[in-house]
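Student: Below: sequence and its predicted model.
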Amino acid sequence: MRFLLIFFLFFASQIYAQRDDHMRNFEAIKLWEMAQHLELNEEQIASVIKIHRENLEIISGLHERRSDLIDDLKFEIALSPDDEDLTPIIDEIIGIDKSLQDLREKERERMFEVLTPLQRAKFYVFQVDFARQVRDYLRQNR
């Protein structure tokens, strides 16, 4: 188990070297807890991290662009809402949301190629439980 922890921390640190500290810590915790919950072996952990890393840069860029667009919407709304100015921004946000969903689905499909059926079932339970833990944590720390 100690080797597994060292192995995971090394790869997680490589993945998140470019991201800000809070997101890096959050993502590393999520991957670590997922690895424990799903009882992944070393090969599976390496595969999951690789799959996650391949999409990370794209996902980060899309989130940044989406955030910028939301700021643009706030500015446009404050100025004077005009359909001609708002519609292209909204359409781009919708496109980004669809791209993010597609990336998540493809990532899950690729992960499922290396997981057993039991681990796949545990994955769905983990997703719900982890999201609940995050919501509870945020509620408590407001």
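Tutor: Perfect, thanks for sending it.
Student: which residues in the protein form helices?
Tutor: Per DSSP state H, the chain carries helices over the ranges 2-15, 21-38, 42-79, 83-112, 117-140.
Student: can you pull the buried residues of the longest one?
Tutor: Going back to what we said before, that points to helix 42-79. By neighbour count with 16 or more other CB atoms under 10 Å, helix 42-79 contains the buried residues 44-45, 47-49, 51-52, 55-56, 59, 62, 66, 69, 72-73. Bear in mind the C-beta positions are built from the backbone N, C-alpha and C, glycine included.
Student: ok so, going back, comparing the helices of the chain by mean pLDDT, which bottoms out?
Tutor: For those, mean pLDDT drops lowest on helix 2-15, to a mean of 50.
Student: Am I right that Phe126 is in contact with Gln36?
Tutor: No. Contact criterion CB atoms under 8 Å: Phe126 and Gln36 do not qualify, at 9.4 Å.
Student: which one of those two has more residues nearby?
Tutor: Phe126 (18 against 14; other CB atoms under 10 Å).
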